[in-house]
Every structure is written in C-alpha cells, then in structure tokens.
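Undergrad: Show me how the following folds:
(chains A and B)
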Protein chains: 2
Amino acid sequence: MDQLSTTLSALADPTRRAIITRLASGEATVNELAAPFDMSLPAVSKHLKVLERAGLIARGRNAQWRPCRLQAEPLKEIADWVGRYRPFWEASFDRLDSYLDELQRNDKSDQN
Amino acid sequence: MDQLSTTLSALADPTRRAIITRLASGEATVNELAAPFDMSLPAVSKHLKVLERAGLIARGRNAQWRPCRLQAEPLKEIADWVGRYRPFWEASFDRLDSYLDELQRNDKSDQN
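TA: Okay, the predicted model is just below:
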C-alpha cells in the first residue's frame, strides 16, 4: 500500500484519531493511553501498531515504559492532497450561504 | 462508522483518489472513468459506490448515463482535523532544516 493510503487508513478509526489527539499534548505510555478509552491493553496495543506502521507515532526504546510520541509528518501529505480540493468545498459552502441568505430574505418578505 | 472515518476510509485507496482527481476537472460517466484505469466496469462501479456512500460523489438521475460529479464537502472535515496538527509537522520540518543546515556547514568547514 502507498504511504498516503496507509496514513488515511490508519486514521479511519475514531480511537486511533483520539490517540493522536492525546499524544499532541505529550508523550504517553500504553497504560496512560488505555485509561480514557476503557479498552484492554492488547486492544490499545493493536491500534498503536497500526499507527506505528503508518509512521504516525514512534515508541521509546526503554523496554519497560516505551512511551509513545506523535510523529505528525505523514499528516502533511493528507493536508496537501485534501487542500487541492479546497476551492470545491468553499464553492459549495458559498452556494449554501447564498441559498440560506435567499431563504431568510423570502422569510422576511413573507412576514411583511 | 462516523462520517470522518467513512471519508478517510473511502480515500485510503489510490484508484478512488484518482477518480476524485479526475472528477475535479468535470463530470464523467462510469465508462469515461474506467478508461484510464484499465479496470473492468464492475470494479470501477464498486469504487464509485464506496465514494457515493461517503458523500464524495453524486450521480445523475439519467438512467442511461448517470454521470458522476465531485462533492467536496466531506473533504473539509479531513482538512479541519489534519490542520490542527500543522504546528507539529512544521516543527519537525524546521528541525530537519536546521539539521541539514548544520550538516552543510560542517561539510564546508571540513573542506576548508
């Protein structure tokens, strides 16, 4: 699988995204990561392996703790790819805006 | 599955991303989409269904042609999520830059 597909696939899970969000505020051990999710350690470890393979986290060498830390570089490739389509979603939100403006205007003229 | 996970998962495939890229330059029929990929129509249709379920494309009602068009709105959610981590990847590229600068400086002083 290409790098971008691997990154997107690793993030296509709310628990894995929550782990990334948690690591953005600093390193954490597997135990610390497991606590808020009410998940077993093996389940969390499985998610961490997926994130590690995608290069989104790195783990310390200390065998006992092996704290995880965020590696955000692969996210840049997603931002670059998605960013190319910004004019398209901005255009559609603009259309929605004009539509809502129009609705509101019609509403007001109905009330008059 | 939540909307963001569905969108990320739909895009975790190079063919589906290529379809999105193609549709950014205008509507296309399934036949037109299949041509550059050297794929069977059923294989392309399968990819289109995944994109349609994720809300990334819409298909015309004309039964014979049903042209596909891009719907970029779900991409905004990805851009917003990923964008939060921009400071992290910019920081790491900055560190890489300083490291490369340093290497180059050492290289020059070695040559002197």
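Undergrad: Now do the strands in chain A.
TA: When assigned using DSSP state E, the strands of chain A occupy the ranges A:57-59, A:68-70.
Undergrad: does any bit of the first one sit next to chain B?
TA: No. Strand A:57-59 lies out of reach of chain B by CB under 8 Å from any CB of the partner chain, never closer than 11.1 Å. Every residue, glycine included, has its C-beta placed from N, CA and C.
Undergrad: for the longest helix seen in chain A, which positions count as buried?
TA: The helix spanning the most residues in chain A, taking DSSP state H as the definition, is helix A:86-111. Neighbour-count burial for helix A:86-111, counted by 16 or more other CB atoms under 10 Å in any protein chain shown, picks out A:Phe88, A:Trp89.
Undergrad: Tell me how far it lies from the chain's centre.
TA: 29 Å (CA atoms, centre = their mean, to the nearest Å).
Undergrad: is any part of that helix close to chain B?
TA: Yes. Interface with chain B: helix A:86-111 contributes A:Arg86, A:Phe88, A:Trp89, A:Ser92, A:Phe93 (CB under 8 Å from any CB).
Undergrad: follow-up on the earlier one: columns distance to B:Glu27 and mean neighbour count on top of the strands of chain A, output as a markdown table?
TA: What follows is those, written out as a markdown table (distance: least, CB to CB, whole Å; neighbours: other CB atoms under 10 Å in any protein chain shown):
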| stretch | distance to B:Glu27 | mean neighbour count |
| --- | --- | --- |
| strand A:57-59 | 40 | 19 |
| strand A:68-70 | 40 | 20 |
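Undergrad: Let's have those strands in TSV, adding mean pLDDT.
TA: Putting the strands of chain A into TSV (pLDDT from 0 to 100) gives the following:
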stretch	mean pLDDT
strand A:57-59	94
strand A:68-70	94
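Undergrad: can you tell which of those strands is closest to A:Leu33?
TA: With respect to A:Leu33, and counting by CB to CB, the nearest of those is strand A:68-70 at 6.7 Å.
Undergrad: list the helices and strands that closest one packs on?
TA: Other helices and strands packing on strand A:68-70, by 3 or more CB pairs under 8 Å, 6 or more residues apart in numbering or on different chains; DSSP states H and E, are helix A:14-23, strand A:57-59.
Undergrad: so which of the ones you listed comes closest to B:Pro67?
TA: Closest approach to B:Pro67 among the helices and strands packed on strand A:68-70 is made by helix A:14-23 (33.7 Å; CB to CB).
Undergrad: In that closest one, which residues are buried?
TA: Using 16+ other CB under 10 Å as the burial criterion, the residues of helix A:14-23 that qualify are A:Arg16, A:Arg17, A:Ile19, A:Ile20, A:Arg22, A:Leu23.
Undergrad: Specify the angle between the least confident helix or strand in chain A by mean pLDDT and helix B:14-23 in degrees.
TA: Every helix and strand of chain A was ranked by mean pLDDT, DSSP states H and E. The lowest is helix A:86-111, at a mean of 77. Here helix A:86-111 runs at an angle of 60 degrees relative to helix B:14-23 (axes from the mean of the first three to the mean of the last three CA atoms, to 10 degrees).
Undergrad: Name the nearest residue to A:Leu51, sequence neighbours excluded.
TA: Taking CB to CB, 6 or more residues apart in numbering or on different chains, and ignoring the residues beside it in sequence, A:Leu51 has A:Ile57 as its nearest neighbour in space, at 4.5 Å.
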